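Asker: here is my input; please provide its structure:
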Amino acid sequence: MDIPTDIPEEEMETTTYDYEDNAGPCSNDGVQQFGSSFLPPFYYLVFTFGLVGNALVVMILMRYKKIKSMTDVYLLNLAISDLLFIFSLPLWAYNAADQWVFGNVMCKILSGIYLAGFYSGSFFIILLTADRYLAIVHAVFALKARTVVYGIFTSVITWGVALFASVPEIVFNTCKMEEGRLKCTPDYPLTSSINWNQFNVLKTNLIGLVLPILVMTFCYTKIIANLMRCRNVKRNKAVRLIFIIMVIYFTFWAPYNIAILLHTFPGLFSLDNCNSNSRLVIAIEVTEGIAMSHCCINPMIYAFAGEKFRKYICSFYRRDIALRLSKYIPVLYSETPERASSTYTPSTGEHEISAVL
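Answerer: Reported below is the predicted structural model:
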């Protein structure tokens, strides 16, 4: 796959070398063939489900929830972060199947979108964790701190940091000819005093894995201790959704972060040989595909774990879909318009601990 990663292009080419015994070139033809055949349809599938799911989340938050809390702001930004991945997927799919035909400017722009989406997604997971921590452990302070204004302010800063973290990849990713095909790929300077490949891999692991683990460990240790002292069913439900989101996040992103770390520092893990290199390249192809499919998972989590969110979806279905289609297919709608219009009232969304539960 040729989506820009933090792996230098010379190590992702079809032919690599056995670093251990210098036995000669190692063929990775199977890796490229795998990426060209499997990844494009997979990305188009993720694009379809992710676009529908996240667009529905944005619509629910904007139309029904009305963005009334800091949590709403962070959930909205998390959905927007996922949409950044989704909008770029068709172009990366075409790049994997054929070659990059969209020019050097689009290569840099989409590389920035891809990485800004990744970094911001990680940051907003952290902010959602901190938001739950304040709401449960420091409830009195949270009454003043957890406002929409502060949520918007921290979100703007978060997007700025995410874009700043993406600058090296935006600068170094370029449209380049490789093995007779144009590819959007990293082109790190060989004469630089900084090993940009290693720097970017370490940065990715720090932001996408280490930092979230540290924050979540601290926050959830405090949250669990607080809930053990004062059990509250509503508070338990409020924690459940964010906790599930984080577990899913690590399940999808941790393997990719570990794979690129192993590939970038093979000598530290005794993987600097031909067979290990080929396996790691395949692992990166697979885990990156899994990681990018994360953008269509969060809406499913909301639907299954969020009671309030399910009510909003049902209300949306009755008021905007079934009611209109019932003119042509009466069986789709069995309630009166009055009941449908009263399914959602201002009180439905005002008195709840969790933003989506």
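Asker: can you pull the phi/psi pair for Met177?
Answerer: Main-chain torsions, Met177, degrees, to the nearest 10: phi -80, psi 130.
Asker: burial count for it?
Answerer: Neighbourhood size, Met177 [other C-beta atoms under 10 Å]: 10. In this view, the C-beta of every residue, glycine as well, is placed from N, C-alpha and C.
Asker: ok, it - contacts?
Answerer: Contacts for Met177 (C-beta atoms under 8 Å, 6 or more residues apart in numbering) come out as Lys183.
Asker: longest single helix anywhere in this structure?
Answerer: helix 103-137 (DSSP state H).
Asker: tell me the mean pLDDT for that helix?
Answerer: Averaging pLDDT along helix 103-137 yields 89.
Asker: the following helix or strand past it: which residues count as buried?
Answerer: Proceeding C-terminally, helix 103-137 gives way to helix 139-145 as the next helix or strand, assigned by DSSP states H and E. When neighbours are counted by 16 or more other C-beta atoms under 10 Å, the buried residues of helix 139-145 are found to be Ala142.
Asker: distance of Val73 from Pro212?
Answerer: 19 Å (C-beta to C-beta, to the nearest Å).
Asker: next, count neighbours for Pro266.
Answerer: Pro266: 17 neighbours (other C-beta under 10 Å).
Asker: excluding its backbone neighbours, what's nearest Met70?
Answerer: Gly151 (3.6 Å; C-beta to C-beta, 6 or more residues apart in numbering).
Asker: tell me which element the one you found falls in.
Answerer: helix 148-165.
Asker: give me the contacts around stretch 249-260.
Answerer: 5-7, 121-122, 125, 201, 204-205, 208-209, 212-213, 280, 283-284, 287-288, 290-291, 293-294, 297.
Asker: one step back: in terms of packing, which of Val73 and Pro212 has more residues around it?
Answerer: Val73 (26 against 21).
Asker: quick check: that one touching Val148?
Answerer: Yes - here Val73 lies in contact with Val148, judged by C-beta atoms under 8 Å, at a distance of 6.0 Å.
Asker: which neighbours do the two have in common?
Answerer: Joint contacts of Val73 and Val148 (C-beta under 8 Å, 6+ apart) are Ile67.
Asker: look up how far Met292 lies from Lys66.
Answerer: 31 Å.
Asker: compare the two and say which is more crowded by neighbours.
Answerer: Met292 (28 against 13).
Asker: least trustworthy helix or strand in this structure by mean pLDDT?
Answerer: helix 346-350 (a mean of 36; mean pLDDT, DSSP states H and E).
Asker: pull out the buried positions in the helix or strand where Ile224 lies.
Answerer: Using DSSP H and E, Ile224 maps to helix 211-229. Neighbour-count burial for helix 211-229 flags Pro212, Val215, Met216, Cys219, Tyr220, Ile223, Asn226, Leu227 (criterion: 16+ other C-beta under 10 Å).
Asker: quick check, nearest of those residues to Asn197?
Answerer: Nearest to Asn197 among those is Pro212, at 22.8 Å by C-beta to C-beta.
Asker: thought that closest one was touching Met246?
Answerer: Yes - applying C-beta under 8 Å as the test, Pro212 and Met246 come out as touching, 7.4 Å apart.
Asker: spit out the residues that contact those two alike.
Answerer: Ile125, Thr129.
Asker: ok, back up a step: next SSE downstream of the helix holding Gly151?
Answerer: Using DSSP H and E, the helix or strand that follows helix 148-165 in sequence is helix 167-172.
Asker: counting by contacts, list what that following helix packs against.
Answerer: helix 103-137, helix 196-205 (3 or more C-beta pairs under 8 Å, 6 or more residues apart in numbering; DSSP states H and E).
Asker: now do 6 Å
Answerer: Here helix 167-172 touches helix 103-137, going by 3 or more C-beta pairs under 6 Å, 6 or more residues apart in numbering; DSSP states H and E.
Asker: centre of the chain to the helix it packs on, how far?
Answerer: 7 Å (C-alpha atoms, centre = their mean, to the nearest Å).
Asker: so which bits of that helix are buried?
Answerer: Under 16+ other C-beta under 10 Å, the buried positions of helix 103-137 are 107-108, 110-136.
Asker: quick check: domain ranges of the protein?
Answerer: 9-295, 306-357 (automatic domain parsing).
Asker: mean pLDDT for those: which is lowest?
Answerer: Among these, domain 306-357 carries the lowest mean pLDDT (a mean of 57).
Asker: could you point out the helix or strand that follows the helix or strand that Ile260 is a member of?
Answerer: Ile260 belongs to helix 233-264 when assigned by DSSP H and E. For helix 233-264, the succeeding helix or strand toward the C-terminus, using DSSP H and E, is helix 274-292.
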